[in-house]
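>>> After the sequence you'll find the predicted model.
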Amino acid sequence: MANTPQAKKRIRRNERRAEVNGARVGRIRTFVKRVEAALASGDKAAATAALQQVQPELARGVAKGVLHKNTASRKFARLTKALSGIA
């Protein structure tokens, strides 16, 4: 258990940050799932629109520190490649 006031404060702060960061990651996952659903249905127009929405979300996740930049880059590259595979 934390003994010092600063350690107690850090515990409180870490709990708040975990909530915020969890919400951010969840939001990113939702946007990625929208692209994947559009790709699965074969709707290229919807997938393109969803991909344009997911790119800034991934970038925001990197900027806020909840995603590693290579992870975001990999996700975007794979979604883009899957979109280009739709004829």
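Thanks, I have it.
>>> got any ranges where the protein has weak pLDDT?
Low-confidence segments of the chain, defined by pLDDT under 70, are located at 87.
>>> Could you pull out the helices in it for me?
5-41, 44-64, 69-84 (DSSP state H).
>>> could the ones you listed be laid out in JSON lines, adding mean neighbour count?
For the C-beta atoms, the positions are set from N, CA and C on the backbone; glycine is no exception. Listed next are the helices of the chain as JSON lines, based on neighbours: other CB atoms under 10 Å:
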{"stretch": "helix 5-41", "mean neighbour count": "13"}
{"stretch": "helix 44-64", "mean neighbour count": "16"}
{"stretch": "helix 69-84", "mean neighbour count": "14"}
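>>> Now do the contacts for the most centrally placed residue in the chain.
Here the mean C-alpha position of the chain is nearest to the C-alpha of Ile28 (CA atoms, centre = their mean), at a distance of 2.8 Å. Each residue near Ile28 by CB atoms under 8 Å, 6 or more residues apart in numbering is listed here: 54, 57-58, 61, 66-67.
>>> Let's have those in CSV, adding distance to Leu83.
As requested, the contacts of Ile28 are exported to CSV (distance: CB to CB, whole Å):
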residue, distance to Leu83
Val54, 11
Glu57, 16
Leu58, 15
Gly61, 20
Val66, 24
Leu67, 20
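>>> if we take the residues you listed, which one ends up nearest to Arg16?
For those, the residue nearest Arg16 by CB to CB is Val66; the value is 14.1 Å.
>>> Tell me if I'm right that that closest one and Arg27 touch.
No. Contact status for Val66 versus Arg27: not in contact, 9.8 Å apart, counting by CB atoms under 8 Å.
>>> quick one: which of the contacts of Ile28 is nearest Ala38?
Closest to Ala38 out of the contacts of Ile28 is Val54 (10.5 Å), distances taken as CB to CB.
>>> Contacts only, for the nearest residue to that closest one once chain neighbours are set aside.
Taking CB to CB, 6 or more residues apart in numbering, and ignoring the residues beside it in sequence, Val54 has Phe31 as its nearest neighbour in space, at 4.3 Å. Applying CB under 8 Å, 6+ apart, one finds that Phe31 lies in contact with 50, 53-54, 57.
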